[in-house]
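K.L.:
following is a predicted model, sequence given first.
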Amino acid sequence: MEENLPVVVIGAGPVGLAAAAHLRERGLEPLVLEAGAGPAAAVAAWGHVRLFSPWRYDVDAAARRLLTRTGWAEPDPDALPTGADLVDRYLAPLAAALGDAVRHGARVVAVARDGADRTRSHDRADRPYLVRWTSGGMTHETRARAVLDASGTTGTPNPLGRSGLPALGEERVREHLAGPLPDVLGAGRARFAGRTTLVAGRGHSAANALLGLVELARDEPGTRVLWAIRGSSPRRLYGGGADDELPARGLLGTRLRDAVGSGAVELLTRVVIDRLEPVQGGVRVHGASAAGPLDLTVDTVVNATGFRPDLGLLREVRLDLDPVVEAPRALAPLIDPNLHSCGTVPAHGERELAHPDDGFYLVGAKAYGRAPTFLLATGYEQVRSVAAALAGDRAAADAVELALPGTGVCSSDLALAASADGTVAAAERALAFADPTGGGCCAVPSGPQPVTLGTAPAGDQPLTPRGRRRDR
Ligand SMILES: Cc1cc2nc3c(=O)[nH]c(=O)nc-3n(C[C@H](O)[C@H](O)[C@H](O)COP(=O)(O)OP(=O)(O)OC[C@H]3O[C@@H](n4cnc5c(N)ncnc54)[C@H](O)[C@@H]3O)c2cc1C
C-alpha cells in the first residue's frame with residue numbers, strides 16, 4: 001500500500017480531532033472530514049448543556065501538547081465546561097492548530113476498499129481505502145491508508161416506539177418532537193413555556209431536559225413536565241449522589257430525584273408508546289404504563305431515548321460487530337448495558353477495536369454502538385492506541401491505561417428486571433446483588449482504577465462478563 005496516503009478520520013468531534021493530533025505526533029498524515037460547518041458540530045448542537053466531567057478529563061494529551069505550542073491557555077482543570085465552552089476554548093483552537101488537515105462541510109457517505117467490494121478477498125489487504133464524501137453539492141473521493149470513523153451517534157437517535165421501531169405515526173408528528181437535547185431555557189424557551197412536555201428516556205440527556213423544564217416552570221405558569229421511562233424505576237439515573245466521583249453527575253441525579261419527589265416532574269413508569277397521533281397544536285400519545293392504558297395529549301415530546309450508530313456508510317467494509325450492542329465484538333462485553341452499567345469501563349485499545357478489514361476502526365462514541373456509557377477519556381485512549389498501532393508501535397498500542405471516575409453506584413438492567421414484581425423490597429434486594437460491595441456482576445474497586453491490559457500471562461486472562469476469554 002502506498003505509504004504517502006493520509007489516514008482519513010470521519011468527524012471533527014473531540015475524539016476525531018484527538019485522533020488527528022495523535023496521528024500527527026506519530027508522523028502520519030491525518031485528513032479529518034467533518035460534516036458540520038465548523039468543528040465539533042455535534043457538541044455545538046448541545047452547547048447549552050454543562051458537562052459533568054471537569055476540564056481535566058476533557059482534554060486529550062496529544063491535543064494538549066499540540067495546543068501548548070500555539071500559546072493556548074488551558075482552562076482550569078477543575079471547572080466544568082458547557083458544550084459551547086468545549087468548542088470555543090478547546091476544540092475550535094485544536095481544529096485551527098491542525099490547519100488544512102481538517103475540512104468542514106465534508107460529509108462522508110461511503111467507505112470501501114479501493115477496487116474491491118465487500119465480497120472480494122483477493123489482494124484485499126493490499127488495497128487502500130476509498131472514502132467518498134460530499135461538499136457544496138459535489139461528490140469527492142479520497143484514497144486512504146487507514147480510516148477512523150469518529151462520527152459519533154447523535155445524528156441517529158433511537159425511535160420512540162417499542163421493539164426498536166418507530167411508534168406508529170412517529171413520522172407524522174415529527175414537528176412535535178424536540179430531539180434529545182433541546183435548549184429549553186434558551187433558544188427553545190418559547191416552545192416549552194406554559195406548555196405540556198413529555199420527556200421520554202432514562203439517560204443524562206433526559207435528566208438535563210427535565211431539570212431545564214423544572215426551572216422554566218418556576219417562571220412560566222402552566223408549564224407541565226411529564227417523564228416517561230420504560231423501566232419500573234429511575235434509580236439508575238439518580239446514580240451515586242454524593243459518592244459519585246464526578247460531583248456534577250451525582251448532583252444531576254440528586255436534583256432529579258428531588259424534582260420527582262416534590263411533584264415538579266410527574267413520573268410515569270413502565271411506559272410503552274405504541275402510536276402517536278397529530279392533534280390540534282400537539283400530539284396524542286397512545287400506549288400503556290404501570291398505571292394502565294396511556295392516552296396523553298402533550299404539546300411536545302422530548303425523545304431522549306438514546307442513540308444508535310449509522311452503519312449505512314460502512315456497507316462495503318468487513319466489520320466484526322457484536323449483534324447486541326453494535327460495537328466491535330471484543331469491546332461489546334465490557335459495555336453491554338444488559339450486563340452492567342458501571343461508569344468504570346476497562347481500558348481498551350486497538351486490539352479490541354480491530355475489524356477483519358485491517359486499518360479500519362470505529363472510535364469515540366460510535367465505537368460504543370448502542371451502549372450509553374461513553375466518556376471522552378475512553379475515546380482519547382482508544383485513538384492513542386490506534387495511532388500507535390498504525391505507526392507500527394505495537395508495545396505502545398497494547399499498553400492501554402485509563403483512570404476513569406467511578407459512578408458511586410453500580411446498578412444493572414438485569415437487577416431492575418429482577419424487580420419486575422415492582423415491590424421496593426425486591427428492587428432493593430436486586431440492586432444489592434448488583435452493587436459492587438455486594439460482589440455482584442459489575443463489582444469494581446471504588447475509586448479511579450488505572451487498568452493495564454495485555455501484560456498478564458495467558459492463563460490469568462480474565463473471563464469477560466459473557467464468559468468468553470479476552471482474545472489477546
Ligand atoms: C449532552 C451530552 C453530555 C455529555 N457529557 C459528557 C461529559 O460530561 N463527560 C464525558 O466524558 N462525556 C460526555 N458526553 C459523551 C461524549 O463524550 C460526547 O458525546 C462526545 O461528544 C463524543 O465525542 P465523539 O468525537 O466520539 O463524537 P461527536 O462529538 O458526536 O462528534 C462526531 C462528529 O462527526 C461529525 N459527523 C457525523 N457524521 C458524519 C459524516 N458522515 N461525515 C463527516 N462527519 C460526520 C459530526 O458533525 C460531529 O462533529 C456527553 C454527551 C452528550 C450528548
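P.N.:
Good, I have the coordinates.
K.L.:
show me which residues of this structure sit near the ligand.
P.N.:
Selection of the chain residues close to the ligand by C-beta under 6 Å from any ligand atom yields 10-16, 33-36, 40-43, 46, 49, 51-53, 57, 107-108, 150-152, 154-155, 181, 205, 313, 364-365, 374-376, 379. Where you see a C-beta, it was placed from the backbone N, CA and C, and this is true even at glycine.
K.L.:
which of those fall within helices?
P.N.:
Counted as lying in helices by DSSP state H, out of the residues of the chain next to the ligand, are 14-16, 41-43, 205, 376, 379.
K.L.:
could you find the closest non-adjacent residue to the residue of the stretch 251-400 of the chain found nearest the ligand?
P.N.:
For the stretch 251-400 of the chain, the residue closest to the ligand is G364, as judged by C-beta to the nearest ligand atom, at 2.4 Å. Take G364 and drop its neighbours on the chain: the residue closest to it by C-beta to C-beta, 6 or more residues apart in numbering is V15, 3.1 Å away.
K.L.:
I'd say that neighbour and R384 touch.
P.N.:
No. Using C-beta atoms under 8 Å, V15 and R384 do not qualify as a contacting pair, with a distance of 10.7 Å.
K.L.:
got a quick PyMOL command for the buried subset of the residues of the chain next to the ligand?
P.N.:
This is the PyMOL syntax for the buried subset of those, where burial follows 16 or more other C-beta atoms under 10 Å:
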select buried, resi 10+11+12+13+14+15+16+33+34+35+36+40+41+42+43+46+49+51+52+53+57+107+108+150+151+152+154+181+205+313+364+365+374+375+376+379
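K.L.:
show me the contacts for the residue of the stretch 151-300 of the chain found nearest the ligand.
P.N.:
Nearest to the ligand in the stretch 151-300 of the chain, going by C-beta to the nearest ligand atom, is G152, at a distance of 2.2 Å. Contact partners of G152, counting by C-beta atoms under 8 Å, 6 or more residues apart in numbering, are 11, 13, 42, 364-366.
K.L.:
right, and A144 touches R132 too?
P.N.:
No. A144 is not in contact with R132 according to C-beta under 8 Å; the separation is 11.2 Å.
K.L.:
and the gap between A178 and F192?
P.N.:
8 Å (C-beta to C-beta, to the nearest Å).
K.L.:
got a pLDDT number for the most centrally placed residue in the chain?
P.N.:
Nearest residue to the geometric centre of the chain (C-alpha atoms, centre = their mean): A365, 4.2 Å. Listed pLDDT for A365 reads 96.
K.L.:
likewise the one 3 residues further on?
P.N.:
If you check Y368, the pLDDT there is 95.
K.L.:
close enough to count as contact, it and L375?
P.N.:
No. Here Y368 does not reach L375: they are 9.7 Å apart, not a contact under C-beta under 8 Å.
K.L.:
next up, the contacts around the residue of the chain positioned farthest from its centre.
P.N.:
Most distant from the centre of the chain: H122, at 36.1 Å, with distances by C-alpha atoms, centre = their mean. Contacts for H122 (C-beta under 8 Å, 6+ apart) come out as A116.
K.L.:
from the ligand, how far off is T142?
P.N.:
12 Å (C-beta to the nearest ligand atom, to the nearest Å).
K.L.:
hmm, that residue is touching V9, no?
P.N.:
No. Look at T142 against V9 with C-beta under 8 Å: they stay out of range, at 11.5 Å.
K.L.:
please list all residues in contact with the residue nearest to G364.
P.N.:
Neighbouring residues of V15 by C-beta under 8 Å, 6+ apart: 150, 363-365, 376, 379-380, 382-383.
K.L.:
any chance of those residues in TSV, plus distance to V214?
P.N.:
TSV is the format used below for the contacts of V15 (distance: C-beta to C-beta, whole Å):
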residue	distance to V214
A150	34
V363	36
G364	31
A365	27
L376	27
G379	31
Y380	33
Q382	36
V383	37
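K.L.:
out of these, which is nearest to P333?
P.N.:
P333 lies nearest to Q382 out of the contacts of V15, by C-beta to C-beta, at 16.3 Å.
K.L.:
and the closest one, backbone torsions?
P.N.:
Per-residue torsions, Q382: phi -60, psi -50 (degrees, to the nearest 10).
K.L.:
in contact with the residue of the stretch 251-400 of the chain closest to the ligand, which residues?
P.N.:
G364 touches 11, 13-16, 150, 152, 374, 379, 382-383, counting by C-beta under 8 Å, 6+ apart.
K.L.:
how close does it get to T119?
P.N.:
Distance from G364 to T119, by C-beta to C-beta: 29 Å.
K.L.:
ok, R394 next?
P.N.:
31 Å.
K.L.:
ok, S151 touching R107?
P.N.:
No. Taking contacts as C-beta under 8 Å, S151 lies outside contact range of R107: 9.3 Å.
K.L.:
for the two, list the residues in contact with both.
P.N.:
Taking C-beta under 8 Å, 6+ apart as the criterion, S151 and R107 both touch A35.
K.L.:
in the stretch 151-300 of the chain, which spans are helices?
P.N.:
With helices called from DSSP state H, counting those that start in this stretch, the stretch 151-300 of the chain shows them at 189-192, 204-219, 235-238, 247-262.
K.L.:
the stretch 1-150 of the chain now?
P.N.:
Per DSSP H, counting those that start in this stretch, the stretch 1-150 of the chain carries helices over the ranges 14-25, 41-45, 61-68, 83-86, 92-98.
K.L.:
list the contacts of the residue lying closest to T154 once chain neighbours are set aside.
P.N.:
Once flanking residues are discounted, T154 sits nearest to A42: 4.7 Å by C-beta to C-beta, 6+ apart. Applying C-beta under 8 Å, 6+ apart to A42 gives the contacts 11, 13, 36, 152, 154-155.
K.L.:
let's see 10 Å
P.N.:
Applying C-beta atoms under 10 Å, 6 or more residues apart in numbering, we find A42 in contact with 11-14, 34-36, 83, 87, 151-155, 181, 365.
K.L.:
next: E171.
P.N.:
Contact analysis of E171 by C-beta under 10 Å, 6+ apart lists 159, 177, 276.
K.L.:
what's the answer for A178, then?
P.N.:
With contacts taken as C-beta under 10 Å, 6+ apart, A178 has the following neighbours: 184, 188, 191-192, 197, 199, 209, 299-304.
K.L.:
neighbour-wise, which of those residues leads?
P.N.:
V302 (31 neighbours; other C-beta atoms under 10 Å).
K.L.:
what's the helix or strand hosting it packed up against?
P.N.:
Element membership for V302, per DSSP states H and E: strand 300-303. Here strand 300-303 touches helix 189-192, strand 196-200, helix 204-219, strand 224-228, strand 272-279, strand 282-289, going by 3 or more C-beta pairs under 10 Å, 6 or more residues apart in numbering; DSSP states H and E.
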